[in-house]
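1. Quick one: sequence plus predicted model below, questions after.
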Amino acid sequence: MFFVDCYITFNRNLNVFPFMCPLVDDVGSFPLPEGVNSETFMQAYLKTREAIINNQDPVADEFMQKNFCQVVLESFRKKLACDLDVVTFPQQFSGLRQIGDAVHEAMMQGSFIVENSRAVLPEVYVLNRYAKELSDEFNRKILLRVCLFGPLEQYLHEVGSIAYPDVLEGFAETINRFAKNAVLNSKYIETRVISIDEPSYGHTNLTASPELIVEILQKAYNFHGPIRQIHLHSTSGINNLLNVKGLDVLSFEYAASPRNIYDVSKNMLEIADKQIRVGIARTDIDSIWAEAYEKGFEKPTGDQLVERVEIIRKRYFEAKEKYGELLTFTGPDCGLGSWPNQNVASLVLKRTVEAVKQPTFYST
């Protein structure tokens with residue numbers, strides 16, 4: 001089991017019982033810093049990726065250092081300052097293109113399998129490069145979460161809904177190579193979680209049998225070391241995923257999709273030897289904006305957009321009551337890339353952490 005103890009204090013007038021907390025993480029996407037041009041960042045990302053592949057030092061290049069390396073570093077610092085237990089690299093480039101661009105290059109050579117030397121995530125490179133600096137600054141070993149769009153999502157985007165097993169296997173092998181190359185384990189930084197994200201699973205019909213889906217995902221998850229998550233937007237079809245060997249933790253939205261929690265029982269997880277991550281803070285910013293406008297807030301502040309700690313904490317307790325020790329991770333529903341700015345996005349993370357980690361008191 002992957003637990004941390006919540007911080008507990010003792011008061012002589014109250015009995016305080018230890019309360020096992022899940023690890024608090026985030027799903028990944030995060031706004032660019034104010035003043036950073038998205039097109040310039042994209043160009044710097046692509047240039048940095050090629051530099052890493054060619055064994056060149058992007059930090060030594062002023063354009064890459066300023067417009068990619070420092071942007072990633074400062075964004076990650078923002079997340080670390082929110083006191084998350086496990087922090088996803090700031091996904092500020094297209095998640096689909098992150099893998100898809102490399103797949104396109106492989107397709108030009110007649111394959112759906114990306115060469116191992118080209119299966120790199122520039123953000124992971126940068127964070128590893130600055131790991132000691134970050135570890136010293138925050139006085140902790142950095143526990144990193146890596147997120148990747150999975151083979152099913154990539155296939156739906158690149159090929160379509162008709163399943164060709166050999167092509168799907170190629171996508172799975174590519175995802176596996178990206179995952180293996182993102183495993184860090186040093187004194188200063190450790191890849192604690194790798195999440196393969198399948199947001200369309202359960203929404204879009206892929207003409208693959210349940211057995212083929214299981215086979216493809218098992219191939220993608222064929223690596224060791226980090227905890228292996230899958231992030232979903234829907235719990236439809238989740239029974240198939242319970243049979244995936246190598247998958248440790250199922251993750252789904254709860255805050256914006258309350259009914260999801262009713263589709264997954266603790267008994268199902270116990271039988272399958274799986275654990276759960278439940279999203280407890282809303283991140284569906286378009287709906288949140290619309291609701292704020294209906295309440296008369298034409299220009300809502302961050303405080304008006306982000307849910308109160310009490311609301312997030314209530315969901316956390318509901319999930320904890322349902323899943324008990326099998327709830328090993330929690331955090332916001334999804335990423336925060338569409339939020340107005342980094343400060344408001346950070347407030348979502350801070351309030352989620354507070355909701356989970358504030359001590360629980362039981363009076364007698």
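-> That came through, no problem. Numbers count the residues shown, from 1 in each chain.
2. Give the burial count for Tyr164, as a bare number.
-> 14 (other Cβ atoms under 10 Å). (Glycine included, C-beta is placed from N, CA and C.)
3. And Lys219, by the same measure?
-> 18.
4. which non-adjacent residue is nearest it?
-> The shortest distance from Lys219 to any non-neighbouring residue, by Cβ to Cβ, 6 or more residues apart in numbering, is to Ala172 (3.9 Å).
5. all strands for this protein, in order.
-> Ranges of strands within the chain are 4-5, 20-21, 23-24, 87-88, 142-149, 189-197, 227-232, 249-252, 275-281, 327-332, based on DSSP state E.
6. which stretch among these comes nearest Lys299?
-> strand 275-281 (22.1 Å; Cβ to Cβ).
7. Put the alpha carbons of the closest one into PDB.
-> What follows is strand 275-281, C-alpha atoms only, in PDB (Å, rounded to 0.1, in the frame of the first residue of the first chain):
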ATOM      1  CA  GLN A 275      -6.400   0.600  -5.800                       C
ATOM      2  CA  ILE A 276      -8.200   3.900  -6.500                       C
ATOM      3  CA  ARG A 277      -7.600   7.600  -7.100                       C
ATOM      4  CA  VAL A 278     -10.700   9.800  -6.800                       C
ATOM      5  CA  GLY A 279     -10.800  13.400  -8.000                       C
ATOM      6  CA  ILE A 280     -12.300  15.600  -5.300                       C
ATOM      7  CA  ALA A 281     -12.000  19.100  -6.600                       C
END
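8. So what are the sheet partners of that strand and their directions?
-> strand 249-252 (parallel), strand 327-332 (parallel) (DSSP bridges).
9. And the average pLDDT for it is what?
-> The predicted model gives strand 275-281 an average pLDDT of 98.
10. neighbouring contacts of it?
-> 1-2, 22, 25, 27, 229, 231, 248-256, 261, 264, 269, 307, 312, 315-316, 319, 323, 326-334, 348, 351-352, 355-356 (Cβ atoms under 8 Å, 6 or more residues apart in numbering).
11. hang on, Asn181 packs against Ala119?
-> Yes - with contact defined as Cβ atoms under 8 Å, Asn181 reaches Ala119; the gap is 5.3 Å.
12. These two: who's more crowded?
-> Neighbour tally, Asn181 and Ala119, criterion other Cβ under 10 Å: the higher count belongs to Ala119, 22 against 18.
13. list the contacts for the more buried one?
-> Ala119 sits next to Ala102, Thr174, Arg177, Phe178, Lys180, Asn181 when contact means Cβ under 8 Å, 6+ apart.
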